[in-house]
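> Sequence plus predicted model, see below.
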Amino acid sequence: MHDTIARGADILGLGAGAVRKVGVDARFATRPEEVERLIRADLAAGVRPVAVVGTAGTTGTGSIDPLPALAEIARRHGVWFHVDAAYGGAAVLADDLRGLLAGIELADSVTVDAHKWLYTSASSGIVLVRDEQHLLEVWISLLAHGRAAYRPPGLPPGDAAEAYVDLLDERLLTELQLDGRVFPSSARVGERFALRACIVNFRTEADDVDALLDVAADLGARLDSELRPGT
């Protein structure tokens with residue numbers, strides 16, 4: 001089991017202690033009979049299991065759990081079946097390797113890291129779910145109330161105003177970098193967040209500096225109109 005599973009349980013409020021580690025066989029694959037035993041023990045103790053997590057290619061040994069057997073156990077007990085395929089999941093794209101992941105199609109959800117075998121240049125994770133409705137609750141509040149409901153109330157002068165400017169500048173930095181015309185970085189000056197223009201290229205001209213200011217002013221005004229309380 002990857003340690004992210006325990007961290008995920010902790011983030012959900014269940015606590016890392018809610019995760020049961022399962023014994024493995026000589027090939028470092030999860031023993032289905034151990035999963036069954038632990039589920040029955042929890043049920044007998046009045047604890048309701050919520051998910052069975054299988055692994056499709058561990059980062060340490062490349063081992064693959066008996067996914068069909070784990071899927072059957074999860075189905076029989078009415079719990080979610082998740083497959084951690086962060087490392088090995090891309091093997092389904094290769095005709096000669098796909099059979100190794102038999103049973104992954106039975107999962108309720110699958111994770112795959114595209115920066116591993118899919119070779120994306122930056123870290124990126126993918127979550128696939130069998131029923132997209134299970135993801136809707138993440139967005140339902142935003143869909144129901146709109147962005148305006150999450151804006152802070154009117155800010156008094158002083159610390160709150162400075163906090164708003166810091167928030168605006170942090171968001172502006174991301175927008176500037178995504179925009180692509182200029183690429184500033186950031187710095188902390190005392191307790192304040194600041195946009196930082198580090199000029200190290202001898203080809204930089206005054207027009208380039210002016211362009212940075214113009215783009216920052218344009219994008220900043222747009223962000224301000226979206227974020228400013230009361231607008």
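Arrived safely, thanks for sending. Computed from a prediction, not measured in an experiment: that's the story for all the values here.

> Other residues contacting stretch 81-94?
Residues from elsewhere that reach stretch 81-94 (C-beta atoms under 8 Å, 6 or more residues apart in numbering): 1-2, 4-5, 51-59, 62, 64, 67, 70-71, 74-75, 97-98, 100-101, 104, 106-114, 116-118, 125. Every residue, glycine included, has its C-beta placed from N, CA and C.

> and it, average pLDDT?
The average pLDDT for stretch 81-94 rounds to 93.

> cool, and stretch 68-75?
98.

> from the chain's centre, how far out does it sit?
Stretch 68-75 sits 26 Å away from the centroid of its parent chain (C-alpha atoms, centre = their mean, to the nearest Å).

> Quick check: what element follows the helix or strand bottoming out on mean pLDDT in the chain along the chain?
Lowest on mean pLDDT, DSSP states H and E among the helices and strands of the chain sits helix 136-145, with a mean of 70. Later in the chain than helix 136-145, the nearest helix or strand by DSSP states H and E is helix 159-179.

> Check which helices and strands the helix or strand just after that next one is in contact with.
Next along the chain after helix 159-179, taking DSSP H and E as the criterion, comes strand 185-189. Counting contacts by 3 or more C-beta pairs under 8 Å, 6 or more residues apart in numbering; DSSP states H and E, strand 185-189 packs against helix 159-179, strand 192-196.

> List the neighbours of strand 185-189 that are in contact with it.
169, 170, 173, 193, 194, 195, 196, 198.

> now stretch 17-36
Under C-beta under 8 Å, 6+ apart, the answer for stretch 17-36 is 1, 5-6, 9, 38, 42, 52, 54-55, 58, 60-61, 63-66, 69-70, 73.

> what's the neighbour count on residue 91?
20 (other C-beta atoms under 10 Å).

> Surely it is within a helix?
Yes. Residue 91 sits within a helix when classified using DSSP: H, G, I helix; E, B strand; the rest coil.

> Give me the neighbour count for residue 170.
Neighbours of residue 170 using other C-beta under 10 Å come to 12.

> actually residue 69, not the one I typed
17.

> what's the closest non-adjacent residue to the residue nearest in space to the middle of the chain?
For the chain, the residue sitting closest to the mean C-alpha position, by C-alpha atoms, centre = their mean, is residue 125 at 6.5 Å. Closest residue to residue 125 apart from its sequence neighbours, by C-beta to C-beta, 6 or more residues apart in numbering: residue 113 at 5.4 Å.

> buried set for the strand or helix carrying residue 207?
Assessed by DSSP H and E, residue 207 sits inside helix 206-227. Residues 212, 215, 216, 219, 220, 223, 227 are the ones in helix 206-227 that count as buried (16 or more other C-beta atoms under 10 Å).
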